[in-house]
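> please find the sequence and the predicted model below.
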Amino acid sequence: MSELSQTAPAEPANRGFITIAVMLATIMQALDTTIANVALPHMQGAMGATQDQISWVLTSYIVAAAICMPLTGFLSAQFGQKRIFLWAVVGFTVSSMLCGAAQSLEQIVLFRLLQGVFGASLVPLSQSVLLDTYPTEQHGSAMAMWGVGVMVGPILGPSLGGWLTEYYNWRWVFYINLPFGLLAWFGIAAYVKETAIDTSRKFDLFGFALLSLAIGSLQMMLDRGESLGWFDSPEVVIEAVLAGGCFYLFIAHMFTHKAPFIEPGLFSNSNFRIGLLFIFIIGIILLATMALLPPFMQSLLGYPVLDVGYLLAPRGVGTMMAMITVGKLAGKVDPRYKIFLGLMLTSFSLWETTLFDLNISGWDIVRTGVIQGLGLGFIFVPLSTITFATLAPKYRGEGTALFSLMRNIGSSIGISVVITYLSQQTQANHAAFADYITPFNFALNQAIDAGVYNLTTPQGLVAMNAEVTKQAALLAYLQDFRLMMWVTLAAVPLVFLLRTPKKRPQTANTKTDIVME
């Protein structure tokens, strides 16, 4: 049995305003993880940059956010959660405006880096504020509302980014954050309570430096590995060695230093440990699948960019439906059952995508997307609730930061793995299919006799090679979807390791006793 001191929740009349403000901040940051991707070609033309140079618009944001995210807990303790939240919203909004107004590549990369620095704490702080705002028995509903922003933002980002870029200008991809930022700031300033400040804990500069180098090197390796040929590149090798070495030193330092950057006591909670591993896997599935579908639909099925966005948007609707349902079932159904259902729905949708061919309709994409959105919604909310259900409130700042960090790292690794696997399998499939282009292939001979192909001319050989490449790429996408399906199923055993918190009858004091079933 563990006894957790429950911080006083906000007044019921203020919870709605706090939730709206926090949701706006969450959606603003979550949108920016994917919304800028669609506008990159337009930025590249406006800035006169190469493909490698313009990629730094994404890399600078990702690396800065990953490095600064673990700072959230320490800064909240030192200066107050509300104060840090307000500065983060202001900084993120201002840097967004600067990104939209940038006139050179150097400016937009610098401003995107600042955007990542300020945006790093928005998601973990929003989760921590909602956990403090609502009483324990309503944490499920609170996480359902918070999850809408976190999960739906990245899904709707490409659609919104494509629409803004097509009908307005790529700069509006950043300017759209202004109304979100202003409303979030007013709501947080007016209704969120400040937390107690604890200046007794000293800043572990060495530990932070080690963790920053490890995370930054890992993100650089994942972001640039595919374009540089992975371990054929000295840069990627150096980044891999630096990431592994610094992470090992950080772990050793954390468990031996008297005041480490991250409290080891965080990891004494079994639900929190399993939750971190679980959200890492969910991060892989969430954005890796989204990284595969747009190029699949554009390059193989011939959909224009806007149609791709419209067909993928219902995935977010499925996620919202699941989260609303989960919020209503909070406290009535064991969260482990909901997580298991979500895993099964996600696995089923990924299995259906392994049956795709070049003749599928838009309805097939919408249907599988909605099912996958439902599955992810049923996973994310109860997982967010059960991970922090028995974690001491004093660890929430650091805990939510690590939770978001693991999701982001999982997403980065997942995207890198599926894109690399896609490239490798396309080449392998092409070589395998080319072996069947022989004079003894009966089906090929029938196609030649029917006048479909003429292998005696250069144009005919080019057409045949294009068809082989297309079929090789199709199979590679299906193999990637199958890989994602197995990753999802591999997470199922973790459900049985989670323990459902059971609230004991509240006594006369203000403490809440929680035991593990």
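Nice, I can see it.
> quick one: F388 and F267, what's the gap?
Separation of F388 from F267 (C-beta to C-beta, to the nearest Å) stands at 14 Å. For every residue, glycine as well, the C-beta is placed using N, CA and C.
> show me which of those two is the more surrounded one.
Using other C-beta atoms under 10 Å as the criterion, F388 and F267 rank with F388 on top: 26 against 15.
> for that one, what are its contacts?
By C-beta atoms under 8 Å, 6 or more residues apart in numbering, the contact set of F388 is L131, H139, F272, G275, R396, G399, T400, F403.
> hmm, the fourth one is touching T387, no?
Yes - G275 sits in contact with T387 when judged by C-beta atoms under 8 Å, with a separation of 2.9 Å.
> so what's the residue count around I284?
The burial count for I284: 25, using other C-beta under 10 Å.
> need the three-state assignment for it.
Counting by DSSP: H, G, I helix; E, B strand; the rest coil, the backbone at I284 sits in helix.
> I'd like the distance between it and D480.
Taken as C-beta to C-beta, the span from I284 to D480 is 12 Å.
> just W486 next, same as before
11 Å.
> between the two, which is the more surrounded one?
Shown here are W486 and D480; by other C-beta under 10 Å, D480 has more neighbours (25 against 10).
> and that one, what does it touch?
L292, V418, Y421, L422, Q425.
> is it true that the second one touches A291?
Yes - with contact defined as C-beta under 8 Å, V418 counts as touching A291 (6.2 Å).
> do me a favour and average the pLDDT over the helix or strand that contains L131.
For L131, the element it lies in under DSSP states H and E is helix 122-133. Average pLDDT, helix 122-133: 83.
> which strands or helices does it pack on?
Based on contacts counted as 3 or more C-beta pairs under 8 Å, 6 or more residues apart in numbering; DSSP states H and E, the elements that helix 122-133 packs against are helix 12-32, helix 71-79, helix 81-101, helix 139-167, helix 396-434.
> give me that answer again for 6 Å
helix 12-32, helix 139-167, helix 396-434 (3 or more C-beta pairs under 6 Å, 6 or more residues apart in numbering; DSSP states H and E).
> out of those helices, nearest to I262?
Across these, I262 has its closest neighbour in helix 396-434 (6.0 Å, C-beta to C-beta).
> which parts of that closest one are buried?
By neighbour count with 16 or more other C-beta atoms under 10 Å, helix 396-434 contains the buried residues 396-419, 421-422, 425-426, 429-430.
> starting at the chain centroid, how far to that helix?
Offset of helix 396-434 from its chain centre (C-alpha atoms, centre = their mean, to the nearest Å): 11 Å.
> which element follows that helix toward the C-terminus?
helix 442-449.
> what angle do the next helix or strand after that next one and helix 396-434 make?
Downstream of helix 442-449, the first helix or strand assigned by DSSP H and E is helix 458-490. In terms of direction (axes from the mean of the first three to the mean of the last three C-alpha atoms, to 10 degrees), helix 458-490 departs from helix 396-434 by 140 degrees.
> could we number from 27 for the rest of this?
Sounds good: first residue 27 from here, last item helix 484-516.
> tell me the angle of helix 484-516 relative to helix 468-475?
Using the same axes, to 10 degrees: helix 484-516 against helix 468-475 is 140 degrees.
> buried set for helix 484-516?
Buried, per 16+ other C-beta under 10 Å, within helix 484-516: 490, 494-495, 497-507, 509-511, 513-514.
> cool, and stretch 74-90?
In stretch 74-90, counting by 16+ other C-beta under 10 Å, buried: A75, I80, S81, W82, V83, L84, T85, S86, Y87, I88, V89, A90.
> do stretch 250-262 as well
Result for stretch 250-262 [16+ other C-beta under 10 Å]: buried residues R250, G251, E252, L254, V262.
> state the number of residues packed around the residue nearest to A47 when sequence neighbours are not counted.
Nearest non-adjacent residue to A47, counting by C-beta to C-beta, 6 or more residues apart in numbering: G213, 2.5 Å away. Residues near G213, counting by other C-beta under 10 Å, number 22.
> let me see the contact set for G213.
Applying C-beta atoms under 6 Å, 6 or more residues apart in numbering to G213 gives the contacts F43, I46, A47.
> okay but T191 is in contact with A65, surely?
Yes - with contact defined as C-beta atoms under 6 Å, T191 reaches A65; the gap is 4.7 Å.
> low pLDDT regions in the stretch 377-526 of the chain?
By pLDDT under 70, the weakly predicted segments of the stretch 377-526 of the chain are 468, 475-482.
> phi and psi next, for the closest residue to P180 other than its chain neighbours.
Spatial nearest neighbour of P180, excluding adjacent residues (C-beta to C-beta, 6+ apart): T60 at 4.7 Å. Backbone torsions for T60, taken as degrees, to the nearest 10, come to phi -130, psi -20.
> where does T60 land on pLDDT?
At T60, pLDDT is 71.
> separation between it and L338?
Taken as C-beta to C-beta, the span from T60 to L338 is 11 Å.
> what's the overlap in contacts for the two?
In contact with both T60 and L338: no residue, using C-beta under 6 Å, 6+ apart.
> neighbours of L381, how many?
L381: 11 neighbours (other C-beta under 10 Å).
> how close does L400 get to I386?
20 Å.
> likewise for I308?
26 Å.
> so the two - more neighbours on which side?
Ranked by neighbour count (other C-beta under 10 Å), I308 and I386 place I308 first, with 27 against 15.
> residue contacts, that one?
Here I308 is in contact with I405 (C-beta under 6 Å, 6+ apart).
> mind running it again at 8 Å?
So I308 contacts L402, I405, F406, L409, R433, G436, A517 (C-beta under 8 Å, 6+ apart).
> turn those residues into a markdown table, including distance to F137.
Shown next, in a markdown table, are the contacts of I308 (distance: C-beta to C-beta, whole Å):
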| residue | distance to F137 |
| --- | --- |
| L402 | 31 |
| I405 | 35 |
| F406 | 30 |
| L409 | 34 |
| R433 | 25 |
| G436 | 27 |
| A517 | 37 |
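> from the residues you listed, which is closest to M370?
Using C-beta to C-beta, the contacts of I308 come closest to M370 at I405, 10.1 Å.
> tell me if I'm right that that closest one and S373 touch.
No - look at I405 against S373 with C-beta under 8 Å: they stay out of range, at 11.0 Å.
> among the two, which residue is more densely surrounded?
I405 (31 against 21).
> how about the more buried one: what's its closest non-neighbour residue?
Nearest one to I405, counting by C-beta to C-beta, 6+ apart, is G368 at 3.5 Å.
> again with M370
Counting by C-beta to C-beta, 6+ apart, the residue nearest M370 is G401, at 7.3 Å.
> now do that neighbour: how many residues are near it, please.
Other residues near G401 come to 25 when the count uses other C-beta under 10 Å.
> any idea which element it lies in?
Counting by DSSP H and E, G401 is found in helix 388-414.
> buried set for that helix?
390-392, 394-414.
> now stretch 284-293
Quick answer for stretch 284-293 (16+ other C-beta under 10 Å): P286, F287, I288, E289, L292.
> cool, and stretch 210-225?
Buried positions in stretch 210-225, judged by neighbour count with 16+ other C-beta under 10 Å: A210, W211, G213, I214, Y217, V218, K219, T221.
> could you save those as CSV and add columns showing secondary structure?
Putting the buried residues of stretch 210-225 into CSV (three-state DSSP) gives the following:
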residue, secondary structure
A210, helix
W211, helix
G213, helix
I214, helix
Y217, helix
V218, coil
K219, coil
T221, coil
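> among these, show me the least confident.
T221 (80).
> for the nearest residue to it once chain neighbours are set aside, the count of nearby residues, please.
Excluding its sequence neighbours, the residue lying closest to T221 (C-beta to C-beta, 6+ apart) is Q107, at 4.2 Å. Residues within reach of Q107, counting by other C-beta under 10 Å, total 26.
> ditto for N471
Counted with other C-beta under 10 Å, N471 comes out at 13.
> is it correct that it is in contact with P465?
Yes - with contact defined as C-beta under 8 Å, N471 counts as touching P465 (7.5 Å).
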